[in-house]
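[1] here is my input; please provide its structure:
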Amino acid sequence: RYRLHHWPRWWLTVLTGRTFLGRMTLKPDLAQGSGLRAPGNCPQPPAQSQGDVGTNVNLLSLILATRNRAGQLAETLTALARQQTQGAFTYEVLIADNGSTDETRAQVTAAQASFPVPLRYLYDDGPGKSWALNAALREARGAICVFLDDDILAPPTWLASLWRTFTETGADAVTGRLLPHWPEGRPAWLPEEALATFGGMMGCVDYGPARFTAGATRHCPWGGGNMAIRRDVLSRLGGFDVRMTRAQDTEYYQRVVQAGFAVCYEPSAAAHHVIPAERATPAFFRQWRRKAGHYSGYLMQWKRSHLL
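    Numbering: from 1, shown residues only. Have a look, this model is predicted:
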């Protein structure tokens, strides 16, 4: 039996679908949500072959997987076209279309004519985001691959912050903040306390204002909308697991850390995750948790403790 009168009001909103407004005591030290954890012993796909594709040490390959979000993609591409390199590096953008049936191809084609850097379109309708990401990895030419989603808005200094962190720290992978962007305003029922708990469900990541490297006492699981990995690390670990229909980013973080590579969190490398009104409702959170539970059951088949 749930003793609802001891629960925070925002939890009551999520559980019941009703809005409870009033005075709250905020707890800023709540743990950040990090999404699902895939089993560490899950078999991994083979390393991707690079063929005759050359690697440019000063080139960043931006890989953006998308599906049926042509409208939002246009805004994301506009932000990527404004990245400031200060002459220290160059970048390319690869759009990995995972079976879109809308105007995604036309949107990219229209942007290519005036885009300031190479903008390439790839199509892979394999069942899941991992197929599109792996297709792009086979074509990427940069020494560093940067991953983002089609609902991410990157400020002009985003790429430069990632590049600077790689050069200053020598890290094998870098991640940064993913902050919420509310086109229609944040709902009143969702205070900072709730956002700290539910941030992972919305693809948001914030580990504080200080740079640090993941270690035994602290980790920084990245979000799929803001992660960058060196090409040689990707070649050694292989592509994304095509059996995973969600949480591919979390599984890859685990793979990178377990292999002993250094992952650095850089707060200045911040991007913004667009959260439309339909994803800022108690119903959305309940649906997300239900799907997460089903997916955890799906992953059980690869757990060593699974007896069936």
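
[2] residues in contact with the closest residue to residue 229 other than its chain neighbours?
    Nearest non-adjacent residue to residue 229, counting by C-beta to C-beta, 6 or more residues apart in numbering: residue 173, 4.5 Å away. Every C-beta, even on glycine, is put in place using the N, C-alpha and C of the backbone. Neighbouring residues of residue 173 by C-beta atoms under 8 Å, 6 or more residues apart in numbering: 222, 227, 228, 229, 230, 233, 256, 261, 262, 263, 264.

[3] now do the same for residue 72: its pLDDT.
    As predicted, residue 72 sits at a pLDDT of 91.

[4] for it, give me its contacts.
    Residue 72 makes contact with 150, 151, 274, according to C-beta under 8 Å, 6+ apart.

[5] what ranges do the strands span in the stretch 101-250 of the chain?
    Assigned by DSSP state E, counting those that start in this stretch, the strands in the stretch 101-250 of the chain fall at 119-123, 142-149, 152-153, 173-181, 212-213, 227-230.

[6] which of the ones you listed sits closest to residue 112?
    The closest of the strands of the stretch 101-250 of the chain to residue 112 is strand 119-123. By C-beta to C-beta, the value is 5.0 Å.

[7] now the most centrally placed residue in the chain, nearest residue through space, not along the chain?
    The centroid of the chain falls nearest to residue 224 when counting by C-alpha atoms, centre = their mean (1.4 Å). Leaving aside its chain neighbours, residue 224 sits nearest to residue 249 (3.7 Å; criterion: C-beta to C-beta, 6+ apart).

[8] remind me which residues of the stretch 1-150 of the chain are low pLDDT?
    Applying pLDDT under 70 to the stretch 1-150 of the chain flags residues 1-55.

[9] for the chain, what spans make up the helices?
    9-16, 70-80, 104-112, 129-139, 158-169, 192-198, 231-237, 248-258, 282-299 (DSSP state H).
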